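K.L.:
Turn this into a model:
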Amino acid sequence: MTSLRDAPADVTARYEMVVGLEVHVQLRTHTKAFCSCDTTYGAPPNVNTCPVCLALPGALPALNREAVHLAMRAAHALGCTVNPVSVFARKNYFYPDLPKGYQISQYDRPLALGGRLDIGDGDAARTVGITRVHMEEDAGKSIHDRYPGATAIDLNRAGVPLIEIVSEPDMRSSPDAVAYLTALKQILEYIDVSDVSMEEGSLRVDANVSARLLGATALGTKTEVKNMNSFSGVQRALEAEFERQCALLERGERVHQQTMLWDGARNEVRPARSKEASHDYRYFPEPDLPPLVLDPQWIDEVRRELPELPRVRRARFAREYGLAGADVGVLTATPALADYFEAAAKAHGDAKAAANWVMGEVLAALNTSSNSVKTFRVPPASLARLLDLVREGVVSHSAAKRVFALMAETGDTPERVAEREGLVQVRDADELARWVDEVLAEHPAEAGRFRAGEKKLLGVLVGLVMKKSKGRADPRRVNQLLSERAGG
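P.N.:
Numbers count the residues shown, from 1 in each chain. Here you go, the predicted structure:
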């Protein structure tokens, strides 16, 4: 077992990290890859099973067409070439939660090959190659902490459709790996092939990492790191394993090809087993499934149906709406948020005002509630109408924030909330003059200094009038009245 603390602080100075990632993604289907069992997360143990899942004698697999469709969609989004013919294979290994004794996967003839994923921007931009995207089924789940001294097996997940996305070893740091995972997760969300939830196991990451001397071109001996359940965990695990390997090399020792487990609580990696090679799995074509032959027209149709991808959308938002790069990044973080902003911006006509409200009030409200953008009680059209009311002077900016908060609670229109709460902006000259005179009378020292020419007090006095009016006074008219009083 090795800790970050076991090596000198500068042990990595002479070495370069080389990282490739294998990402398993659960496809968003209602049924499993080779049977009609439900894929719903959180069901009681072993409920979503059938003779196919349980590997009962005579049970035969039947391929889920929608899983193929979603897998192709992901492959196209990553710039891969989808093969018209691919072959399913049996990956043989023993584990208690693998009832068949093998996993149906793809090996030498996968679904897709040769893609790319761009990460970073500007000087930090780089391209990570995608080696392959292939289809496979998930295994069950071993549960070690429910019964003392025993392991429980839940086969609900057995047979759930996955794709495995294998990268080239093109990443050179743990931040590179996190940038890759962040970009990949966002693309998969945009094309709606998975919910990509690490908490529910629908996105899982295995990392292949090696160390080599700076300037070297040959790859070092790699290890595979598993058991990482967050992007920050991936970053910390890579750094720990890299330091472990550098310390070995500095002592003149060899790095052995093996599987390492990440212990996030202890910030440690520890060996689990020697790393298998492909021949250890005794791959051979799945005899119960014919080759997967895809109609070229369907392949092209799936490619053409892809939505606008994140990088393209970021560039368009910057170009069409004149937004800064950081703002564009926030607004395009998820497809739902990007759709929300764009609908509000188009309805209101002022993209920058809409962006400020979405990044401010809308995200704050979502972060403090259990709502998603799709279930939020202030739809884009209602936000746009509220911003119209501010621009028209019907409600002040400060009152609009109160109106928005009540809209989020009730789902009412901005007009109805403003009228009901008495937040419609007051423009009546007599009432405004009364508030101004009362504020000047209640703060004689500030009023005297203001009349004497201390113009910086204008903002203070306007704020006091707005407070007295409970945000209903027209601030522009209040400014005019105070300026008139100063000249009197």
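K.L.:
Now for residue 100: which residues touch it?
P.N.:
Each residue near residue 100 by C-beta atoms under 8 Å, 6 or more residues apart in numbering is listed here: residue 55. Placement of C-beta: from N, CA and C, glycine included.
K.L.:
In stretch 370-377, which residues are buried?
P.N.:
373, 376 (16 or more other C-beta atoms under 10 Å).
K.L.:
Relative to the whole chain's centre, how far out is it?
P.N.:
On the basis of C-alpha atoms, centre = their mean, to the nearest Å, stretch 370-377 is displaced by 17 Å from the centre of the chain it belongs to.
K.L.:
With stretch 455-463 instead?
P.N.:
So, by C-alpha atoms, centre = their mean, the centroid of stretch 455-463 is 44 Å from its chain's centroid.
K.L.:
what does stretch 363-380 give?
P.N.:
17 Å.
K.L.:
Touching it from outside, list them.
P.N.:
With C-beta under 8 Å, 6+ apart, stretch 363-380 has contacts from 330, 334, 336-337, 339-341, 343-344, 347, 362, 404-405, 407-411.
K.L.:
What subset of the residues you listed is buried?
P.N.:
Applying 16+ other C-beta under 10 Å to the contacts of stretch 363-380 flags 330, 337, 340-341, 343-344, 347, 362, 404, 407-408 as buried.
K.L.:
Let's see which of the residues you listed end up in helices.
P.N.:
330, 337, 340-341, 343-344, 347, 404, 407-408 (DSSP state H).
K.L.:
Which pLDDT value belongs to residue 8?
P.N.:
We have a pLDDT of 51 for residue 8.
K.L.:
the strands in the stretch 1-150 of the chain, which residues?
P.N.:
2-3, 15-26, 81-82, 85-86, 88-92, 102-106, 112-119, 126-137, 141-147, 150-154 (DSSP state E, counting those that start in this stretch).
K.L.:
For the second one, enumerate the helices and strands it packs against.
P.N.:
This points to strand 15-26. Strand 15-26 is packed against strand 161-167, helix 174-190, strand 203-213, helix 231-250, with contacts defined by 3 or more C-beta pairs under 8 Å, 6 or more residues apart in numbering; DSSP states H and E.
K.L.:
for the protein, what are the low-confidence residue spans?
P.N.:
1-9, 274-279, 487-488 (pLDDT under 70).
K.L.:
What are the structural domain limits within it?
P.N.:
2-299, 310-420, 429-486 (automatic domain parsing).
K.L.:
circling back to that earlier point, in JSON lines, list the helices and strands packed on strand 15-26 along with mean neighbour count and distance to residue 372.
P.N.:
Formatted as JSON lines, those follow (neighbours: other C-beta atoms under 10 Å; distance: least, C-beta to C-beta, whole Å):
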{"stretch": "strand 161-167", "mean neighbour count": "24", "distance to residue 372": "24"}
{"stretch": "helix 174-190", "mean neighbour count": "21", "distance to residue 372": "12"}
{"stretch": "strand 203-213", "mean neighbour count": "21", "distance to residue 372": "18"}
{"stretch": "helix 231-250", "mean neighbour count": "22", "distance to residue 372": "20"}
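K.L.:
Between the ones you listed, which one is closest to residue 76.
P.N.:
helix 174-190 (10.6 Å; C-beta to C-beta).
K.L.:
which residues are in contact with that closest one?
P.N.:
With C-beta under 8 Å, 6+ apart, helix 174-190 has contacts from 17, 19, 21, 23, 25, 74, 77-78, 117-120, 126, 128, 165, 167, 171, 194, 196, 203, 205, 207, 231-232, 234-236, 238-239, 242, 307-310, 313, 333-335.
K.L.:
what do you get for stretch 451-468?
P.N.:
396, 398, 435-436, 438-440, 442-443, 446-447, 449-450, 473, 475, 478-479, 482-483, 485-486, 488.
K.L.:
Select from the residues you listed every entry located in helices.
P.N.:
Using DSSP H, these in helices are 398, 435-436, 438-440, 442, 446-447, 449-450, 475, 478-479, 482-483, 485-486.
K.L.:
re the thing from before, would you mind listing which of the contacts of stretch 451-468 are buried?
P.N.:
Buried among those (16+ other C-beta under 10 Å): 396, 398, 435-436, 439-440, 443, 446-447, 450, 473, 475, 478, 482, 485-486.
K.L.:
Among those, pick out the one closest to residue 63, please.
P.N.:
residue 398 (59.3 Å).
K.L.:
any idea how far the closest residue to that closest one other than its chain neighbours lies from residue 303?
P.N.:
Among residues not flanking residue 398 along the chain, residue 471 sits closest, at 4.6 Å (C-beta to C-beta, 6 or more residues apart in numbering). To residue 303, residue 471 is 53 Å away according to C-beta to C-beta, to the nearest Å.
K.L.:
what about these two, which has more around it?
P.N.:
Neighbours per residue (other C-beta atoms under 10 Å) separate residue 471 from residue 303, with residue 471 holding more: 22 against 14.
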